[in-house]
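> Here is my input, please return the structure:
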Amino acid sequence: MKERGIAFMAPMVRAVREDRKTQTRRLTKERDGITVHPNGQVLARGGWLPELCCPYGVPGDRLWVRETWAPHGIGEGGIAYRADGPEWDDECAIKWKSPRFMPRWASRITLEIESVRVERLVEITEEDAMDEGVVFRDSCWSATDDPKALRWTTAVGAFRELWESINGPGSWDINPHVWVIKFRRITP
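Presented below is the predicted three-dimensional model:
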């Protein structure tokens, strides 16, 4: 079993903590050498593989969540986490640190990988979009828990908005190959 860090923005950290997010999609990189045959087989690093070589790990590996944070006297264990609420901006002058710079000891969430697969982004199903942490309220779907977020009739529509907010306008239409990583939260 290996452990690796994985970054999530604040609304997704909240979704993980509420067990609404049990799946994440990450772009495959050119160095992953991934080609997916129409029959679903994966060609990676020059040969057809029965297993994927996902840079995030394999089933049984663990991911520790990197999130926006700051050393702070009033936070959990001397750490303030941006995902814990908008009141931080109103009440405190905190210098937030990028998830990229979060050390392992400051991470409060650990995930265990249950499965990994590769697929085209737009092949996401309604159920998988729900597992990505989109929010259902007032008979509509939203990309995040922000009450001002746009409303969608489908979870896939909300996920598309979320994807483009992270990866840029038009990134959905490119329809890249993505790693689909299903996980379960083991702490806290």
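
> following the helix or strand bottoming out on mean pLDDT in the chain, which helix or strand comes up?
Within the chain, confidence by mean pLDDT, DSSP states H and E is lowest for strand 47-49 among all helices and strands, at a mean of 53. Next along the chain after strand 47-49, taking DSSP states H and E as the criterion, comes strand 62-66.

> List the contacts of that following strand.
For strand 62-66, the surrounding residues in contact (C-beta atoms under 8 Å, 6 or more residues apart in numbering) are 1-8, 13, 16, 56-57, 99-100, 102, 104, 107-113, 181, 183, 186. Where C-beta positions appear, they are placed from N, C-alpha and C, glycine not excepted.

> doesn't residue 144 make contact with residue 151?
No: using C-beta atoms under 8 Å, residue 151 is not in contact with residue 144, being 11.8 Å away.

> These two: who's more crowded?
residue 144 (21 against 14; other C-beta atoms under 10 Å).

> measure the more buried one to residue 157 for me?
13 Å (C-beta to C-beta, to the nearest Å).

> In terms of pLDDT, where does residue 148 sit?
Here the pLDDT value assigned to residue 148 is 84.

> Determine the number of other residues adjacent to it.
6.

> Give the other helices and strands that the helix ranked longest in the chain contacts.
The single longest helix within the chain, with elements called by DSSP state H, is helix 155-167. For helix 155-167, the contact count by 3 or more C-beta pairs under 8 Å, 6 or more residues apart in numbering; DSSP states H and E identifies helix 126-131, strand 140-142 as packing neighbours.

> could I have stretch 112-130 exported to CSV, CA atoms only?
The C-alpha trace of stretch 112-130 is given here as CSV (Å, rounded to 0.1, in the frame of the first residue of the first chain):
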residue,chain,number,x,y,z
GLU,A,112,-8.7,4.6,0.2
ILE,A,113,-8.8,3.8,-3.5
GLU,A,114,-11.5,1.3,-4.4
SER,A,115,-11.2,1.2,-8.2
VAL,A,116,-9.4,3.0,-11.0
ARG,A,117,-10.4,3.1,-14.7
VAL,A,118,-9.9,5.3,-17.8
GLU,A,119,-12.7,6.7,-19.8
ARG,A,120,-13.5,9.7,-22.0
LEU,A,121,-14.8,12.6,-19.9
VAL,A,122,-18.2,13.0,-21.5
GLU,A,123,-19.0,9.3,-20.9
ILE,A,124,-19.8,10.1,-17.3
THR,A,125,-23.1,8.7,-16.2
GLU,A,126,-25.7,10.5,-14.1
GLU,A,127,-24.8,8.2,-11.2
ASP,A,128,-21.1,8.9,-11.5
ALA,A,129,-21.8,12.7,-11.7
MET,A,130,-23.7,12.4,-8.4
